[in-house]
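Enquirer: Here is a sequence with its predicted model. Questions after.
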Protein chains: 2
Amino acid sequence: MLSAYMQLAVQQALRGGPATYQNPQVGAVLVKDHRVISQGYHHQFGGDHAEVDCLKRVSPAEVRCATLYVTLEPCSHFGKTPPCCRRVATAGVKRVVIGQLDPHPIVAGRGRDYLKAHGVAVRVLDPSIAIEDLNRHYNWFYRHQRPWITLKTAQTLDGKINAVNGERSLISGSASYADSQRLRAQFHAILIGERTLVTDDPQLTVRLQALRYPPVRLVLLNTSTVAVNKRVTKADGVATWLLCRRPADTDAPLDQRPNVHVVVGDWTPATVAAFCQRHGWQSLLVEGGSHVQAHFVQAGLVEEWCSYLSPQLFGGGSLPAVHDDQLKSAPVQFDRPTVRVSGQDIRLQAYRTGVL
Amino acid sequence: MLSAYMQLAVQQALRGGPATYQNPQVGAVLVKDHRVISQGYHHQFGGDHAEVDCLKRVSPAEVRCATLYVTLEPCSHFGKTPPCCRRVATAGVKRVVIGQLDPHPIVAGRGRDYLKAHGVAVRVLDPSIAIEDLNRHYNWFYRHQRPWITLKTAQTLDGKINAVNGERSLISGSASYADSQRLRAQFHAILIGERTLVTDDPQLTVRLQALRYPPVRLVLLNTSTVAVNKRVTKADGVATWLLCRRPADTDAPLDQRPNVHVVVGDWTPATVAAFCQRHGWQSLLVEGGSHVQAHFVQAGLVEEWCSYLSPQLFGGGSLPAVHDDQLKSAPVQFDRPTVRVSGQDIRLQAYRTGVL
């Protein structure tokens, strides 16, 4: 159980939200004589770190001998500005309680060590869900050198995603639509396959909230040709990467469109993950279709499952959410799902056993 | 909202449970001067009706001018014993509050009419879930002249029932196993198809509680030959009906086994339902496999869906819970599912929209 001060720091951190983008969400609380004298958080990617945001709100005299509660280890590298650990030590903070060490290789304990070496008492808390949840994708990305991957489906009670193969079926209700938009906002990249592009022609954007860093769109294709008239290649201000297995005449003209990039390569779940890693995209939401989902399951590249279950049966020969005739997979095990009512639908969310 | 007296009668009715078999669950409460002076219920198939059970516990003098709350319309036909409606009127009950009219064609309002004609004040309540739930299968059976049909599956998050086609996969945990035994106990008949018989060789019995009237086992087969060495044809005291599409040499020897019946015919969901109706089996639990489930979905013969979702993904080419390459179905719509945690699994239960 976190102390009340650290819980307050968590609440501060959460105010950052998706605006922190590739930076973690971090909150800080300054306590002196059992009284909270300042609070702060990392507002947005490129902005002040939480410690700075917190310290700048009080006078130097007040800071002296105070205790700083911060959800993540203060940073330690000297870039354009001096690192937070020096700022904290110089300000005269007597004691720092750290929610978790920063898994980013540029920090990774160096912030803690700097503080100790400069006479600040440091305590690092044991792992906790509340702290871990603040930056699940960030933590995973730096601990495992690959993006956190979530499979998302909208399916019927019998696990189907469309009534007639090759035609778009409206599955979930409006509450699930809104919820899946909130889900998208938490990811750096969204992936679909060619059949989903052709059948659904989705926008793959977050339309219910304004995002400074909307998730990029990745589309797995045989060639770029099918994307020429699709909505994801329109100039809507969101980047789209067409990941093609073979070159085509349409590659160059598409690549010249604003926001569109064409990359020809040997695309598998593993190479897609490596591609995300190189771009610093810490999280990937795989939205289908069934073959793409099956390939990620088979590759063992699934950290999380999220499905919206619509109370209907499609039966017969309709398309399962995860399916590929050619693939046999070892089962992937999850912890007990979290269940939520979503209008007429049921939302199931589960973490792969062992990832938490 | 039911009155407290009628709620008490519902509680009485529930004490009957599966022992009432083809009879409805019925409870009765006798009230005089704002005081409950007797309670009773239908204990078991062939036993006293609830009204008799209630009236016999008080002296004739006490009954006079009392009000009887009974969950189901008193019966009206003269068989081996006089009907309950006469017993109630003769006893001098002044007023009868009836939870619902009996849909059985042998009663169907005649009990109410008899009471009125004999000077008893009668009130029939508006339909309510609590009363309807007491005898959902019974009510459906007599209102629609066919059994209530529930599809049950144990499936993965991606809607699969086995990892490798043709091999048995253990899907749900022990809590779901126990729960599915309780589910079976509520049905008059359980159905599986040939592939499930061959792959799983299930017992299809209720092993966690002693039942006076265990559900009969129905198996859809091409010929009876595959059933010769299967557990459902062993002499375990539970009836098994082998519903075969073609005759075979094994028919006669199997039919001579205790409890086993072989019936050759043109078996479809509709003819199976009619077969249940002729036998008075008011409810049918279809446990699979995927083709049998798909045929019932396509035939529109599904009142209820119940699935145990195990938190795993089988992915790839594994078998969906409801599937048949040849079948295209119109979607079947359900009300929002009821969700329950079942060990590590999630249990989803839903009624087809319109059946309640």
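Expert: Nice, thanks for sending it over.
Enquirer: For the rest of this, base every contact and every neighbour count on C-alpha atoms.
Expert: OK.
Enquirer: Could you check how far the residue of the stretch 101-250 of chain A found nearest chain B is from A:A189?
Expert: Nearest residue of the stretch 101-250 of chain A to chain B (C-alpha to the nearest C-alpha) works out as A:G159 at 4.4 Å. The span separating A:G159 from A:A189 equals 25 Å under the rule C-alpha to C-alpha, to the nearest Å.
Enquirer: Who has more neighbours out of these two?
Expert: A:G159 (30 against 25; other C-alpha atoms under 10 Å in any protein chain shown).
Enquirer: who touches that one in this structure?
Expert: With contacts taken as C-alpha atoms under 8 Å, 6 or more residues apart in numbering or on different chains, A:G159 has the following neighbours: A:320-321, B:157-160, B:320-321.
Enquirer: of these, closest to A:N135?
Expert: B:L157 (25.6 Å; C-alpha to C-alpha).
Enquirer: Phi first, then psi, for the closest one.
Expert: phi -60, psi -30 (degrees, to the nearest 10).
Enquirer: Secondary structure element holding A:T71?
Expert: Following DSSP states H and E, one finds A:T71 within strand A:67-72.
Enquirer: Name the residues that touch that strand?
Expert: By C-alpha under 8 Å, 6+ apart, the list of residues contacting strand A:67-72 reads A:5-6, A:9-10, A:13, A:26-32, A:50-51, A:93-102, A:131.
Enquirer: Which members of these occur in strands, if any?
Expert: By the criterion of DSSP state E, membership of the contacts of strand A:67-72 in strands covers A:27-32, A:95-100.
Enquirer: of all those, which two lie farthest apart?
Expert: Every pair in these was compared (C-alpha to C-alpha); the two farthest apart turn out to be A:K32 and A:Q100, at 21.8 Å.
Enquirer: Would you mind telling me which of those two has the busier surroundings?
Expert: Using other C-alpha under 10 Å, the more surrounded residue of A:K32 and A:Q100 is A:Q100, with 20 against 17.
Enquirer: If the more buried one is in a bridge, with which residues?
Expert: On the basis of DSSP bridges, A:Q100 takes part in beta bridges with A:L72.
Enquirer: Hmm, it is touching A:V107, no?
Expert: No - the pair A:Q100 / A:V107 is not scored as a contact, 11.8 Å apart, by C-alpha atoms under 8 Å.
Enquirer: Please enumerate the helices of chain A.
Expert: Taking DSSP state H as the criterion, chain A carries its helices at A:4-14, A:50-55, A:60-63, A:84-90, A:110-117, A:129-134, A:136-144, A:174-185, A:194-200, A:251-256, A:269-279, A:290-298.
Enquirer: Please dump those into TSV; it should also carry distance to B:N229 and mean pLDDT for every row.
Expert: Rendered in TSV, the data for those read as follows (distance: least, C-alpha to C-alpha, whole Å; pLDDT from 0 to 100):
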stretch	distance to B:N229	mean pLDDT
helix A:4-14	63	97
helix A:50-55	71	95
helix A:60-63	82	93
helix A:84-90	75	93
helix A:110-117	69	96
helix A:129-134	53	95
helix A:136-144	52	97
helix A:174-185	49	94
helix A:194-200	46	94
helix A:251-256	63	97
helix A:269-279	46	98
helix A:290-298	37	96
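Enquirer: Around chain B, pick out the residues from the stretch 151-300 of chain A.
Expert: Residues of the stretch 151-300 of chain A found near chain B, taking C-alpha under 8 Å from any C-alpha of the partner chain as the criterion, are A:157-160, A:163-164, A:291, A:293-295, A:297-298.
Enquirer: What are the contacting residues of stretch A:113-128?
Expert: Contacts made with stretch A:113-128 from outside it, assessed by C-alpha under 8 Å, 6+ apart, are listed as A:1-2, A:76, A:85-86, A:88-89, A:93-101, A:112.
Enquirer: likewise stretch A:256-275?
Expert: When contacts are taken as C-alpha under 8 Å, 6+ apart, the neighbours of stretch A:256-275 outside the stretch itself are A:146-147, A:220, A:224, A:233-235, A:237-247, A:251-252, A:254-255, A:295-296, A:299, A:301.
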